[in-house]
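Novice: I would like to see how this sequence folds:
(chains A and B)
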Amino acid sequence: ETGVTQTPRHLVMGMTNKKSLKCEQHLGHNAMYWYKQSAKKPLELMFVYSLEERVENNSVPSRFSPACPNSSHLFLHLHTLQPEDSALYLCASSRWTSGRAGELFFGEGSRLTVL
Amino acid sequence: QQQVKQSPQSLIVQKGGISIINCAYENTAFDYFPWYQQFPGKGPALLIAIRPDVSEKKEGRFTISFNKSAKQFSLHIMDSQPGDSATYFCAASPFYNQGGKLIFGQGTELSVKP
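Specialist: Okay, the predicted model is just below:
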């Protein structure tokens, strides 16, 4: 059982669709993150959750809506996306403590294609 | 000031050679510098990390060199192997950092030729 599991691994959607990405961590961590990875660009932090509370939203468009029902699960709800939103979406988890928060454990990502 | 600049963008090395990837930062509040390794189809994984109280950290064939005055750090892969072919990301943050707010470099795609 991998530490951080993301589903689906691949998703193709039209601009009017609504879909969700799911992330589950089995590491006992209490912080979870969504990152966007586009080709030739640095990983972009989108959202941070600590103890199920959203603590960071890096100016992400409202067409991305995160949810964290408990410390083990994280969702990213998608609606009316644009083709430029096509990317690899990575979920990560960590301990929310000083000195260890930089040790992120990533899932394998959900490859999203918006047509 | 929040950027971490990474070079080169891509690197081809012969098996047995040394791979060197460089990163530079501006924010003096950064004092934790990890490197992540990402294989195709996988998420990034923490490879090695350094804090500025040492100038070098070695783990097996992987070494981080750190130059605090120049605000630069680099990853050296000794005796590079085809299995090291991956994308490498440097990152930076304050060590006493809540929230995993790592600032990542653009990534270096390493290819090690047999």
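Novice: For the helix or strand of chain A with the lowest mean pLDDT, what is the distance to the chain centroid?
Specialist: Least confident helix or strand, chain A: strand A:53-57 with a mean of 71, by mean pLDDT, DSSP states H and E. Distance of strand A:53-57 from its chain centroid, counting by Cα atoms, centre = their mean, to the nearest Å, is 12 Å.
Novice: So in that sheet, which strands flank that strand, and in what orientation?
Specialist: strand A:44-50 (antiparallel) (DSSP bridges).
Novice: check contacts around B:F104.
Specialist: Residues in contact with B:F104 (Cβ atoms under 8 Å, 6 or more residues apart in numbering or on different chains) are A:P42, A:L43, B:V4, B:Y36, B:F89, B:C90, B:A91. Bear in mind the C-beta positions are built from the backbone N, C-alpha and C, glycine included.
Novice: Name the nearest of the residues you listed relative to A:V4.
Specialist: Checking the contacts of B:F104 against A:V4 with Cβ to Cβ, the nearest one is B:Y36 at 13.7 Å.
Novice: so which helix or strand takes in that closest one?
Specialist: strand B:33-38 (DSSP states H and E).
Novice: Pull that strand out as CSV, backbone CA atoms only.
Specialist: Taking C-alpha atoms only, strand B:33-38 is exported to CSV below (Å, rounded to 0.1, in the frame of the first residue of the first chain):
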residue,chain,number,x,y,z
PHE,B,33,17.2,23.1,0.9
PRO,B,34,15.9,19.7,-0.2
TRP,B,35,16.3,18.0,-3.6
TYR,B,36,13.5,15.9,-5.0
GLN,B,37,13.8,13.2,-7.6
GLN,B,38,10.9,12.4,-10.0
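Novice: quick one, what contacts the residue of chain B found nearest chain A?
Specialist: Scanning chain B for the residue nearest chain A gives B:G43, at 3.2 Å (criterion: Cβ to the nearest Cβ). Neighbour list for B:G43: A:V4, A:L90, A:A92, A:F106, A:G107, A:E108, A:G109 [criterion: Cβ under 8 Å, 6+ apart].
Novice: Mind checking which of the residues you listed land in strands?
Specialist: Applying DSSP state E to the contacts of B:G43, the entries found in strands are A:V4, A:L90, A:A92, A:F106.
Novice: where does A:S62 land in three-state SS?
Specialist: Assigned state for A:S62: coil (three-state reduction, DSSP: H, G, I helix; E, B strand; the rest coil).
Novice: what's the distance between it and A:M15?
Specialist: 15 Å (Cβ to Cβ, to the nearest Å).
Novice: Closest to A:Y49 out of the ones in strands among the contacts of B:G43?
Specialist: A:A92 (10.8 Å).
Novice: surely the closest one meets A:H29?
Specialist: No. The pair A:A92 / A:H29 is not scored as a contact, 9.1 Å apart, by Cβ atoms under 8 Å.
Novice: okay, and the common contacts of the two?
Specialist: Counting by Cβ under 8 Å, 6+ apart, the common neighbours of A:A92 and A:H29 are A:F105.
Novice: More neighbours: which of the two?
Specialist: A count of neighbours by other Cβ atoms under 10 Å in any protein chain shown puts A:A92 above the other of A:A92 and A:H29, at 27 against 21.
Novice: Quick check, pLDDT for that one.
Specialist: On pLDDT, A:A92 comes in at 94.
Novice: re the thing from before, of the ones in strands among the contacts of B:G43, list those near chain B.
Specialist: Contacts with chain B are made by A:V4, A:L90, A:A92, A:F106 out of the ones in strands among the contacts of B:G43, judged by Cβ under 8 Å from any Cβ of the partner chain.
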